[in-house]
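Visitor: Let's see this in three dimensions:
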Amino acid sequence: MYKHILVPVDLNDTEFAKLAVKHAIWLASKSRNATVHFLTVLPGVHNAMVASYFPKDAALKMKKDLKQQLAKFAADCVPEELLYDYDIQEGKPYKAILREADRKGCDLIVMPSHKRSKVDKMVIGSVAERVLASSPIPVLVIKPGEED
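Guide: Numbering: from 1, shown residues only. Sure, this is the predicted structure:
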């Protein structure tokens, strides 16, 4: 069924991400030899304007810390019998997600979608909406339930 499933994770809201992870793990368990790829995106800290506000090694330290957090999150979520990996990318979240899906040869993206008001969508935009609109592969968007 699926061979490579990408799950973008916002480490600032892991409870929110767990519902999407749960679906991805279920799909991977039903697909023979599927790998779940976890991804966290660090917004453009290497952008020249942003980088000027941080010490030179701050971005490397942030990436290292995020990678450790993502490794722990993934290890806590994934059963032993499933294959998984994890990575940190930089840039605009939706673009980084699409790049990573292409780089890993993913055939599915499973991601959560925040409940947002219509005003928020116009002003901020939704990462899930942008991925959905731009992705050449299927995207499963998991919306939070009333109990979440």
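Visitor: and Thr40, what are its bridge partners?
Guide: Counting by DSSP bridges, Thr40 is bridged to Ile88.
Visitor: What is the neighbour count of it?
Guide: Thr40 is flanked by 22 other residues according to other C-beta atoms under 10 Å. Heads up, the C-betas are built off the backbone N, CA and C, glycines and all.
Visitor: Tell me who's in contact with it.
Guide: Listed by C-beta atoms under 8 Å, 6 or more residues apart in numbering, the contact partners of Thr40 are 8-11, 66, 69-70, 86-89.
Visitor: 6 Å instead, please
Guide: Thr40 makes contacts with 9, 11, 66, 70, 88, as judged by C-beta atoms under 6 Å, 6 or more residues apart in numbering.
Visitor: taking those one by one, which sit in helices?
Guide: 66, 70 (DSSP state H).
Visitor: Which helix or strand lies directly C-terminal to the helix or strand of the chain with the lowest mean pLDDT?
Guide: Ranked by mean pLDDT, DSSP states H and E, the helix or strand of the chain with the weakest confidence is helix 118-123, at a mean of 50. Remark: after helix 118-123, the chain's next helix or strand is helix 127-134, criterion DSSP states H and E.
Visitor: Tell me the spacing between Ser31 and Lys104.
Guide: 15 Å (C-beta to C-beta, to the nearest Å).
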